[in-house]
Every structure is written in structure tokens, then in C-alpha cells.
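> One predicted model, sequence on top.
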Amino acid sequence: MKLATVRIDGTTRAVKLDGDVLVDLGTPDVGTLLAQDDWAGKAAAATPATATVYPAAGADFAPVVPQPSKVVCVGLNYRNHIQEMGRDLPEYPTLFAKFADALVGAGDDIVRPHETEQFDWEVELAVIVGAPVRRARGEEAERAIAGFTVLNDITCRDWQFRTREWLQGKMWDSTTPVGPYLVTPDELPGGVRPALDVRLTVDGEVMQSDTTADLLFDPVALVEYVSTIVRLNPGDIIATGTPGGVGHARKPQRYLTGGETVVAEIDGLGRLENKVAEEKSA
């Protein structure tokens, strides 16, 4: 299944893609849907004959989960990105966080803050949690994965490297597109450990191209590791890290200055197409 949260007449609705239409699933967003018992069965049972439908063409996508209780991100998880950043392969996942205010939809503007001169891109496979888990292992961790989506971990590098901790470079308001769809593992090669091609372009120029098969810590391992530390709730997001090709590691370095169109896409999951817009004065 492919699930999304779309904006309809000033509100949001959880929907399922069915051919060329979106079937209303009876909840305001995908996060609310995932919190229900047997969410997958309820979503599978919805049909155009039994529910309100909307055209898929031209849909206005909100963040696929607008208000996750947490967004946990993983740094340095592709071998080539670790090498381009001049670091050793890590023994454990490098974790940081984002907040819901950082998230935007698949076609929304990425808001570039005035305070940065090093605004960078990072296409990522993101895990969406579908069940509450703590200290999950093996099959429990696998079952906790509702599906996957695309995330662009836009980063203010000059703020990121002010200290040894990265949070201040990663959590800026309205900078992180996520969506358009949650795609369930049964639709993907590799299931809960999908092997998918990943790409990012800036104004049509390819900047990143890799496969999720290059991940050091796969999605199941990340659910196990993160849930050891903190309870994971339905709708929580784990961004699994980015491959090589970021602007900060290029020679000369390249950054987003405003006006560019950034496309982040993962085969089988969909694409984020976002324009970089200057933040409006308060």
C-alpha cells in the first residue's frame, strides 16, 4: 500500500493511493491512522466504492506524518559518505534529532534561513514506525516497521559544526521535506531491508546517486538500536542517513543559495520536489 497525508479544503486527510485516485481512510493524517489497532487491515479494506476519493494528480501533500512524537536521524551510515567526510566507519549509529516543526510536504518550499551561508542537501530513506516498541529485537523490530518514505535532511553546515554536537544544524524550521507516501514493505524489494536506488538533483544536476543496500546499519538494526534508548511510537520517523555527494564535501564546496529546485527520489517510494525559498521577515 501507498499511504499519504494530503491537504483538502483547509484540513488534512489520510489517504491510500488506488490507481489514479486517493481513497480517504477516515482519519486526519497517517500518524493518527498508525495509532489505531489493525491500521493495515483498515487501510486495505478501504475502496473507492466505500469511501470518499480525491484525484491523485495535483494532490497537495502534507508531511506524510505531520506530528511524529519524535524524528530520530542517523549520520554517517553510507560508506561513501563517511569516506568523503574523512571519518572512520562507526561502531555504533550516530544519532541526532529533529522536531515536527522542521517538516514540510513533498512539494512545499524549503525555507532557507538568513542565518546560514552553508545550506546543504541530504537525500535519505526514512523508516516510519507502525507499532509501539521498546527494546525491540528481531521479528518484533521488523513488525514495527510500517513502511518507508523519502526525506531530505537539509542541513545548515556552518551551524552544524559550531560544536561537536550536530543538533543546531539539523532542526531548522520548515527545512525538511518528507513524503509523499508511506510505502509498506511488502511492495519493496528486500522488504524491511529494502535495496532501492537513491538520487538527488539540484536544478537537474545529479548530486547524489547510490543504493540503500550500502547502508551500514539497516532499518531493522536501527529500530533495535533506537528502541533500546527510547520508546518508539506509531508515526515516529527514523531517517537512515545520506549517501555521498553532499555539497559540503565537494571541491569547491556547493550550497543552496535560494531559488533552486531540489528533487530527492527513491525508486518505489516517490519523489520530493521542492524549491528553496528565502525565509520571509517576521
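Looks like it came in fine. Source: prediction; values computed, not measured.

> What's the biggest helix in this structure, counting residues?
Of all segments of type helix in the chain, defined using DSSP state H, the longest is helix 219-229.

> Show me what the helix or strand that it is followed by is packed against.
Secondary structure here is assigned by DSSP states H and E; on that basis, the next helix or strand after helix 219-229 toward the C-terminus is strand 237-239. In terms of contacts (3 or more C-beta pairs under 8 Å, 6 or more residues apart in numbering; DSSP states H and E), strand 237-239 is packed against strand 71-75, strand 123-129, strand 145-152, helix 219-229. Heads up, the C-betas are built off the backbone N, CA and C, glycines and all.

> Arg7 - that's part of a helix, no?
No. Secondary structure assignment places Arg7 outside any helix; it is strand (DSSP: H, G, I helix; E, B strand; the rest coil).

> quick one: it and Pro66 touch, right?
No. Checked against C-beta atoms under 8 Å, the pair Arg7 and Pro66 is beyond contact range at 10.0 Å.

> Between those two, which has more neighbouring residues?
For Arg7 and Pro66, the more surrounded residue by other C-beta atoms under 10 Å is Pro66, and the numbers stand at 20 against 15.

> can you tell me how far that one sits from Glu139?
As judged by C-beta to C-beta, to the nearest Å, Pro66 and Glu139 stand 30 Å apart.

> repeat for Val129
When C-beta to C-beta is applied, the distance between Val129 and Glu139 equals 15 Å.

> Which SSE is immediately downstream of the helix-or-strand element of the chain with minimal mean pLDDT?
Per-element confidence for the chain was summarised using mean pLDDT, DSSP states H and E. The lowest value among helices and strands belongs to helix 79-84, with a mean of 76. Moving toward the C-terminus from helix 79-84, the next helix or strand (DSSP H and E) is strand 94-98.

> still on that earlier bit, could you name the helices and strands sitting against the longest helix of the chain?
Contact partners of helix 219-229 among helices and strands, from 3+ C-beta pairs under 8 Å, 6+ apart: strand 123-129, helix 139-143, strand 145-152, strand 237-239.

> What residues of the third one count as buried?
By neighbour count with 16 or more other C-beta atoms under 10 Å, strand 145-152 contains the buried residues Ile145, Ala146, Gly147, Phe148, Thr149, Val150, Leu151, Asn152.

> Next, format the helices and strands packed on helix 219-229 as TSV and append mean pLDDT and distance to His81.
As requested, the helices and strands packed on helix 219-229 are exported to TSV (pLDDT from 0 to 100; distance: least, C-beta to C-beta, whole Å):
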stretch	mean pLDDT	distance to His81
strand 123-129	98	11
helix 139-143	98	24
strand 145-152	98	15
strand 237-239	98	13
